[in-house]
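Colleague: turn this into a model:
(one chain, ligands or ions: 1)
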Amino acid sequence: MEFLNWSYQGMVATITINRPPANALSSGLLKELSAVLDEVEANEEIRVVLIHGEGRFFSAGADIKEFTTIETGEAFAELSTYGQDLFERMERFPKPIIAAIHGAALGGGLELAMGCHFRLVADNAKLGLPELQLGLIPGFAGTQRLPRYVGAARAAEMLFTSEPITGLEAVQYGLANHAYPESELLENAYKMAKKIAKKSPVSIKAAIELLNYSKTDKFQEGVKKEAKLFGEVFISNDGKEGISAFIEKREPNFTGK
Ligand SMILES: C/C=C/C(=O)SCCNC(=O)CCNC(=O)[C@H](O)C(C)(C)COP(=O)(O)OP(=O)(O)OC[C@H]1O[C@@H](n2cnc3c(N)ncnc32)[C@H](O)[C@@H]1OP(=O)(O)O
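Modeller: This next block holds a predicted model:
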């Protein structure tokens, strides 16, 4: 594995995102995550999965630099569908997956965390979907999962302003379950994971299957629509301007074209 480390001890597997400087989710990293999930699913000794980031951040989102190598809207929509399917698999995964978020979970990073069964955060972490700042939209099901956790109006504000919320706010909004000082986050996440690992894997698997029924057919329709629009927005002039502005470290100038 090039971008992820993983190991397990005492029924708890730890997946560490390790792609400096920002743990950006390149397509290679997403493929590795899929392969790790295969191994974790097949291993009967593992009952709970904890996912966190090495370095300063959980993850700053999809790899914006890799975006410049993608030429067509269709290819962008395919990337979107790949991430959506992977995070959907996580939400349906038969073993609980907990995200422990420090630093920042932005864009695809937050979308990955929202595909986990729940989130624990550092109280000063930043969580947001800043894609509109890039002249884009979220593409890994963020437009469908965020309103489920925080409500439509808060999701709209987070999308329209691109401003992140803090870990403490994420708990108030229902996006994260508990916030801790950053230095105590992992220790508390392991405590929680070990508690859950004592439960029957049979009943955990059934509970996860049932929790997924609370999603409506509209969720799946919304996800498909998101991938289509993700490709369309990417090929707009504003999409190109937003990505160039990020790479050139300047404010974008959007024209509506
Ligand atoms: C379908 C999904 C779509 C998406 O996910 S689109 C991406 C959404 N995410 C974002 O828009 C977040 C972009 N990043 C940031 O806002 C900031 O960065 C941070 C808040 C994460 C950190 O800010 P600071 O502490 O000032 O560090 P820094 O100098 O901006 O970043 C350190 C290095 O990390 C690279 N980087 C950060 N985020 C990404 C990314 N998402 N993709 C690729 N590279 C990224 C930067 O460019 C830079 O690199 P260098 O040192 O070479 O200049």
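Colleague: in the protein, which residue sits nearest the ligand?
Modeller: When scored by CB to the nearest ligand atom, the chain has G107 as its residue closest to the ligand, at 2.4 Å. (Glycine included, C-beta is placed from N, CA and C.)
Colleague: using the three-state scheme, assign R119.
Modeller: Secondary structure of R119, reduced to three states by DSSP: H, G, I helix; E, B strand; the rest coil: strand.
Colleague: residue contacts, the spatially most central residue of the chain?
Modeller: Taking CA atoms, centre = their mean as the criterion, L112 is the residue nearest the geometric centre of the chain, at 1.7 Å. Counting by CB atoms under 8 Å, 6 or more residues apart in numbering, L112 makes contact with L25, I51, S59, F87, M90, A99, A105, F140.
Colleague: check P96 too.
Modeller: Taking CB under 8 Å, 6+ apart as the criterion, P96 is in contact with R47, V48, V49, H117, A193, I196, I204, I208.
Colleague: what about the fifth one, helix or strand, and which?
Modeller: Of the helices and strands defined by DSSP states H and E, A193 is found in helix 185-197.
Colleague: for that helix, C-alpha coordinates in CSV please.
Modeller: Output of helix 185-197 as CSV, limited to C-alpha atoms (Å, rounded to 0.1, in the frame of the first residue of the first chain):
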residue,chain,number,x,y,z
LEU,A,185,-9.3,11.9,20.1
LEU,A,186,-7.7,8.6,19.2
GLU,A,187,-7.7,7.2,22.7
ASN,A,188,-11.4,7.9,23.0
ALA,A,189,-12.1,6.5,19.6
TYR,A,190,-10.3,3.2,20.6
LYS,A,191,-12.3,3.1,23.8
MET,A,192,-15.5,3.3,21.7
ALA,A,193,-14.3,0.8,19.1
LYS,A,194,-13.4,-1.8,21.8
LYS,A,195,-16.8,-1.4,23.5
ILE,A,196,-18.6,-2.0,20.2
ALA,A,197,-16.3,-5.0,19.4
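Colleague: the next helix or strand after that helix versus helix 185-197: what angle between them?
Modeller: Scanning the chain past helix 185-197 towards its C-terminal end, the next helix or strand to appear is helix 201-211 (assignment: DSSP H and E). Relative orientation of helix 201-211 and helix 185-197, computed by axes from the mean of the first three to the mean of the last three CA atoms, to 10 degrees: 110 degrees.
Colleague: ok, back up a step: buried residues in the helix holding A193, which are they?
Modeller: Burial within helix 185-197, assessed by neighbour count using 16 or more other CB atoms under 10 Å, is assigned to L185, L186, A189, Y190, M192, A193, I196, A197.
Colleague: can you tell me which residues contact the second one?
Modeller: Contacts of L186 were listed using CB under 8 Å, 6+ apart, and they are H52, A100.
Colleague: before we move on, what about the last one?
Modeller: Taking CB under 8 Å, 6+ apart as the definition of contact, the neighbours of A197 are G10, M11, V12, R47, V48.
Colleague: ok, now with 6 Å
Modeller: With contacts defined as CB atoms under 6 Å, 6 or more residues apart in numbering, the neighbours of A197 are M11, V12, R47, V48.
Colleague: who's in contact with the third one?
Modeller: Okay, so that is R47. Residues counted as contacts of R47 (CB under 6 Å, 6+ apart) are M11, K95, A197, P201.
Colleague: could you list the contact residues of this protein toward the ligand?
Modeller: 21-22, 24, 57, 60-65, 80, 83, 104, 106-108, 130-131, 134, 138-140 (CB under 6 Å from any ligand atom).
Colleague: what pLDDT does the closest residue to V121 other than its chain neighbours get?
Modeller: The shortest distance from V121 to any residue that is not its chain neighbour, by CB to CB, 6 or more residues apart in numbering, is 3.5 Å, and that residue is G167. Per-residue pLDDT puts G167 at 98.
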